[in-house]
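# Just to be clear, the model below is a prediction. Sequence and coordinates:
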Amino acid sequence: MFWSIIKYFWRSFLWALIVLNLSIMHVPNSVSHWHFLQNFPVDKIVHTIFYFFLTFLLIDGFLRFLENKKNIFLPYFYAILISSLYGGMIELIQKFLLTNRYGDIFDFIFNLMGMFFALFLYNPILKILPNFCKKY
């Protein structure tokens, strides 16, 4: 059972591990205080991109995993639910368990933006790039 699920979600799992690793690693002060980026919210854009790809990959996995189910909205719902719980969990870990990072509600809001971009752009992207997510 586990391996039959992995074939649909291995890219999502891998991306989630990358996001977790980048979310908990220490960021040196020299990187977080680049002078030419002081007024530009680079970290918020990164949050949006990370959760766009996580949600996109989850939607793709759930659409393939649940392809014979009658409710076509379930894959999208599950992808948003898992991505938002995962993003919220990481922000809570940063706030309460890590001393070198801090949790931020605005990070979570930008996570949600990435999720909803993926939700609304999944089908248009596949129409433009039909081989973007090949069947595996």
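Received the coordinates, thanks.
# Where does the prediction get shaky in the chain?
Along the chain, the model assigns pLDDT under 70 to residues 28-40, 134-136.
# can you pull out the helices in it?
2-24, 29-32, 42-65, 74-96, 105-128 (DSSP state H).
# Let's have these in JSON lines, adding mean neighbour count.
Bear in mind the C-beta positions are built from the backbone N, C-alpha and C, glycine included. Listed next are the helices of the chain as JSON lines, based on neighbours: other Cβ atoms under 10 Å:
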{"stretch": "helix 2-24", "mean neighbour count": "14"}
{"stretch": "helix 29-32", "mean neighbour count": "8"}
{"stretch": "helix 42-65", "mean neighbour count": "21"}
{"stretch": "helix 74-96", "mean neighbour count": "17"}
{"stretch": "helix 105-128", "mean neighbour count": "16"}
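# Ile59 - nearest residue in space that isn't next to it in sequence?
Excluding its sequence neighbours, the residue lying closest to Ile59 (Cβ to Cβ, 6 or more residues apart in numbering) is Ala79, at 4.3 Å.
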